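Peer 1: curious how this folds, go ahead:
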Amino acid sequence: MRANVGDELVVGETEVCGAARTGTIVAVRGTDGAPPYLVHWVAGDYDAMVSPWPGVRVRHKAAHGAPSGGAAGQGARRQLSAAAR
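Peer 2: Residues are numbered from 1 along each chain as shown. As a prediction, this is how the structure comes out:
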């Protein structure tokens, strides 16, 4: 699995996670786009480090257009930048 900042991580409905969820990748910690990813989850408005499991997929920016990001996504990126200093 490979991803870039701004791509979306899509988790389908499962017994563990419940309903399908989408999050925006705000940081890629692995080499050459590999996991783990820091993901900003739209529902719940929080960030979490994720190492995807089977059934999780990446929706690349080119496939769905530029993600909306919104204020929450921008805030997550600002927090990450501040933490990197």
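Peer 1: only C-alpha atoms from now on, for both contacts and neighbour counts.
Peer 2: Fine.
Peer 1: what residues are up against residue 43?
Peer 2: 21, 22 (CA atoms under 8 Å, 6 or more residues apart in numbering).
Peer 1: before we move on, what's the pLDDT of the nearest residue to residue 38 once chain neighbours are set aside?
Peer 2: Spatial nearest neighbour of residue 38, chain neighbours left out: residue 49 (4.4 Å); criterion: CA to CA, 6 or more residues apart in numbering. As predicted, residue 49 sits at a pLDDT of 96.
Peer 1: my guess is residue 49 meets residue 35, correct?
Peer 2: No: at 9.2 Å, residue 49 and residue 35 do not qualify as touching, with contact defined as CA atoms under 8 Å.
Peer 1: who's in contact with residue 48?
Peer 2: 38, 39, 40, 41.
Peer 1: got the buried residues for the longest strand along the chain?
Peer 2: Within the chain, and with DSSP state E defining each element, the longest strand by residue count is strand 21-28. Of all the residues in strand 21-28, those buried under the rule 16 or more other CA atoms under 10 Å are 22, 23, 24, 25, 26, 27, 28.
Peer 1: which non-adjacent residue is nearest the third one?
Peer 2: Spelled out, that is residue 24. Using CA to CA, 6+ apart, the closest residue to residue 24 is residue 8 (4.5 Å).
Peer 1: how about the one you found: which residues does it bridge to?
Peer 2: Taking DSSP bridges as the rule, residue 8 bridges to residue 24, residue 59.
Peer 1: now do the contacts for it.
Peer 2: With CA under 8 Å, 6+ apart, residue 8 has these contacts: 22, 23, 24, 25, 58, 59, 60, 61, 67.
Peer 1: hmm, 10 Å instead?
Peer 2: 22-26, 39-41, 57-61, 64, 67 (CA atoms under 10 Å, 6 or more residues apart in numbering).
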